[in-house]
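next one to model:
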Amino acid sequence: MVEDIEMISVVNSKNESVQLVTVEKWLESIDSLSSIGAGVIVKPTDDVELLKDSLDKIAIIALDFNNFDDGRGYSHANLLSKRWKYQGEIIGVNAHIDQLQFMLRSGVTSYKLLDDYENIDDIDYSNGFSICYQAAANNSGLKEKF
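Numbering: from 1, shown residues only. Model (predicted):
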């Protein structure tokens with residue numbers, strides 16, 4: 001039952017609040033949660049492949065980047081956006097500013113940085129590099145150099 005599931009929320013790129021549930025809760029109640037427009041929060045330890053068959057029902061996917069030295073969120077974003085062609089918003093949450101460009105290059109479409117970065121110019125960080133050394137989901141404006 002949807003009423004029994006504890007949910008948190010995130011604001012999407014349209015400035016709308018979307019309720020999020022864990023991967024486990026999503027898999028238990030896909031139909032009822034998709035009918036209310038719920039999203040899924042994915043932690044680095046979650047198996048994102050479990051969502052593959054229901055991607056078209058997920059309103060938004062929030063990837064938790066709270067652990068600075070854990071790169072699995074980038075892999076999750078790449079799988080979702082490139083391999084499985086998820087069309088919805090992929091938001092990186094709990095992120096450090098130094099992760100920003102890497103999140104965007106891996107397939108994250110929007111982000112919510114940690115509160116510590118509230119007054120920092122995040123645009124400068126997202127556009128801070130002009131050369132990349134490997135292909136990525138978003139190489140827009142970058143020259144590849146090998």
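
now for the chain, the helix or strand with the poorest mean pLDDT.
Least confident helix or strand, the chain: strand 143-144 with a mean of 49, by mean pLDDT, DSSP states H and E.

isn't residue 52 up against residue 84?
Yes: counting by C-beta atoms under 8 Å, residue 52 touches residue 84, with 5.7 Å between them. C-beta: built from backbone N, CA, C; applies to glycine.

show me where the chain has its helices.
23-28, 30-35, 72-78, 100-106, 122-126 (DSSP state H).

where does pLDDT dip in the chain?
Residue ranges of the chain with pLDDT under 70: 1-7, 121-146.

show me where it has its strands.
Using DSSP state E, the strands of the chain run over 8-11, 17-22, 39-42, 60-64, 89-95, 110-113, 131-132, 143-144.

any chance of those strands in JSON lines, plus mean neighbour count and distance to residue 29?
JSON lines is the format used below for the strands of the chain (neighbours: other C-beta atoms under 10 Å; distance: least, C-beta to C-beta, whole Å):
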{"stretch": "strand 8-11", "mean neighbour count": "14", "distance to residue 29": "16"}
{"stretch": "strand 17-22", "mean neighbour count": "17", "distance to residue 29": "8"}
{"stretch": "strand 39-42", "mean neighbour count": "25", "distance to residue 29": "11"}
{"stretch": "strand 60-64", "mean neighbour count": "25", "distance to residue 29": "16"}
{"stretch": "strand 89-95", "mean neighbour count": "22", "distance to residue 29": "21"}
{"stretch": "strand 110-113", "mean neighbour count": "19", "distance to residue 29": "25"}
{"stretch": "strand 131-132", "mean neighbour count": "12", "distance to residue 29": "40"}
{"stretch": "strand 143-144", "mean neighbour count": "10", "distance to residue 29": "43"}
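
residue 31: which of the ones you listed is closest?
strand 17-22 (13.1 Å; C-beta to C-beta).

so for residue 59, which of the helices of the chain sits nearest?
Here helix 30-35 is closest among the helices of the chain (C-beta to C-beta), at 7.8 Å.

if I look at residue 63, how far off is residue 47?
Noted for residue 63: a distance of 13 Å to residue 47, by C-beta to C-beta, to the nearest Å.
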